[in-house]
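> A predicted structure for the sequence below; I have some questions about it.
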Amino acid sequence: MKKLIVAFLLATAPLLGLAAGGGVHLDDADIDLGDQASLQRGAKYFMNYCLSCHSAKYQRYNRMAKDLGLTEDEVAQNLMFTTDKIGNTMDIAMTAEQGTEWFGSPPPDLSVISRARGVDWIYTYLRSFYLDEKRPFGMNNLVFPDVGMPHVLWELQGTQKAVFKLDKGSSGNDIQVFDHFEPVTQGTVSAEEYDQVARDLTAFLSYVGEPIQMERKRLGVWVLLFIAVFFVMAYLLKKEYWKDVH
């Protein structure tokens, strides 16, 4: 039994570390996958700001149209920039070699990023870029330090700087700890509006990670109701069969 407990703890330790976000506080994404308008806006942001570098090659345009309440014509006219066939997957023209040359490593496919990182991680990451002149693109990220990706949404959010404070580490030494962000330049949208942009984009990536999840949850309610009704019937049947014994 002890060996089983140790094996379970060892297996779940990486997941716990991932959920903790490397010691950085993760904000609550508070997404609503039942909000089709939010998902449609998220799709627009993904196509305009992300798809040039990041693919989502496990998602098809026509499937997205069906799930997000859009017609195939609407998707073809407004959301398809890398292909001309509605049945194609969301792939990109950039090769892995080009990605490595331009960014240091090929930009990852984002089909299952929400399942690998979690929606809170994505939401916090999109809001945690800050000015850093030491980085090639002049930006760093609090959640993903030294990330090779530039802040593609900077025109919407504007720029901000990270303010750190001195704190005592576990060994008693002074260490720099993040305190807060300070705005430097104003973006084209307000801070509240940019938070909604990040939330919409996070919701869309969550949908892409598991397009069937809303249907799965809907069916799950009916399955639980069936189990509850079946339990009552089974219990009454058991009492009927065993009434003479008890």
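Ah, there it is.
> Could you tell me the end-to-end distance of stretch 40-51?
One end of stretch 40-51 sits 15 Å from the other (C-alpha to C-alpha, to the nearest Å).
> in that stretch, what counts as buried?
Of the residues in stretch 40-51, 40, 41, 42, 43, 44, 45, 46, 47, 49, 50, 51 count as buried by neighbour count, 16 or more other C-beta atoms under 10 Å. Every C-beta, even on glycine, is put in place using the N, C-alpha and C of the backbone.
> Same question for stretch 155-163.
For stretch 155-163, burial by neighbour count (16+ other C-beta under 10 Å) applies to 156, 157, 158, 159, 160, 162.
> And for it, what's in contact with it?
Contacts with stretch 155-163, where a contact means C-beta atoms under 8 Å, 6 or more residues apart in numbering, come from 127, 129-132, 140, 142, 151, 178-189, 191, 194, 197.
> do stretch 191-205 as well
Contacts of stretch 191-205 (C-beta under 8 Å, 6+ apart): 29-33, 35, 38-39, 41-43, 45-46, 50, 110, 113-114, 119, 122-123, 126-127, 153, 156-157, 183, 187, 189.
> Touching, residue 211 and residue 60? I think so.
No. Between residue 211 and residue 60 no contact is recorded; they are 9.4 Å apart, counting by C-beta atoms under 8 Å.
> Buried ones in stretch 62-75, by neighbour count?
Across stretch 62-75, burial judged by 16+ other C-beta under 10 Å covers 64, 65, 67, 68, 70, 75.
> related to what we said a few turns ago, ok, of the buried residues of stretch 155-163, which one's closest to residue 81?
Set against residue 81, the nearest of the buried residues of stretch 155-163 by C-beta to C-beta is residue 156 (18.5 Å).
> what are the phi and psi values for the closest one?
Per-residue torsions, residue 156: phi -80, psi -50 (degrees, to the nearest 10).
> Please report how far residue 167 lies from residue 45.
Per C-beta to C-beta, to the nearest Å, residue 167 is found 36 Å from residue 45.
> now do residue 174
Separation of residue 174 from residue 45 (C-beta to C-beta) stands at 40 Å.
> Mind naming the longest helix for the chain?
In the chain, with assignment by DSSP state H, the single longest helix is helix 213-241.
> Figure out how far it is from the centre of its chain.
Its chain's C-alpha centre and that of helix 213-241 lie 33 Å apart, by C-alpha atoms, centre = their mean, to the nearest Å.
> So for that helix, mean pLDDT?
Averaging pLDDT along helix 213-241 gives 89.
> Out of the contacts of stretch 191-205, list just those in helices.
Among the contacts of stretch 191-205, DSSP H puts 38-39, 41-43, 45, 113-114, 119, 122-123, 126, 156-157 in helices.
> Residue 218: which of these is nearest?
Distances from residue 218 to those, taken by C-beta to C-beta, are shortest for residue 39, at 15.8 Å.
> Quick check, the closest one in contact with residue 68.
Yes. With contacts counted by C-beta under 8 Å, residue 39 reaches residue 68, the gap being 5.1 Å.
> shared neighbours of these two, anything?
residue 207.
> Distance to residue 225 and pLDDT added to the ones in helices among the contacts of stretch 191-205, as JSON lines?
Listed next are these as JSON lines, based on distance: C-beta to C-beta, whole Å; pLDDT from 0 to 100:
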{"residue": "38", "distance to residue 225": "28", "pLDDT": "96"}
{"residue": "39", "distance to residue 225": "27", "pLDDT": "96"}
{"residue": "41", "distance to residue 225": "33", "pLDDT": "97"}
{"residue": "42", "distance to residue 225": "31", "pLDDT": "97"}
{"residue": "43", "distance to residue 225": "33", "pLDDT": "96"}
{"residue": "45", "distance to residue 225": "37", "pLDDT": "97"}
{"residue": "113", "distance to residue 225": "34", "pLDDT": "96"}
{"residue": "114", "distance to residue 225": "28", "pLDDT": "95"}
{"residue": "119", "distance to residue 225": "28", "pLDDT": "97"}
{"residue": "122", "distance to residue 225": "33", "pLDDT": "97"}
{"residue": "123", "distance to residue 225": "33", "pLDDT": "98"}
{"residue": "126", "distance to residue 225": "38", "pLDDT": "97"}
{"residue": "156", "distance to residue 225": "44", "pLDDT": "97"}
{"residue": "157", "distance to residue 225": "44", "pLDDT": "97"}
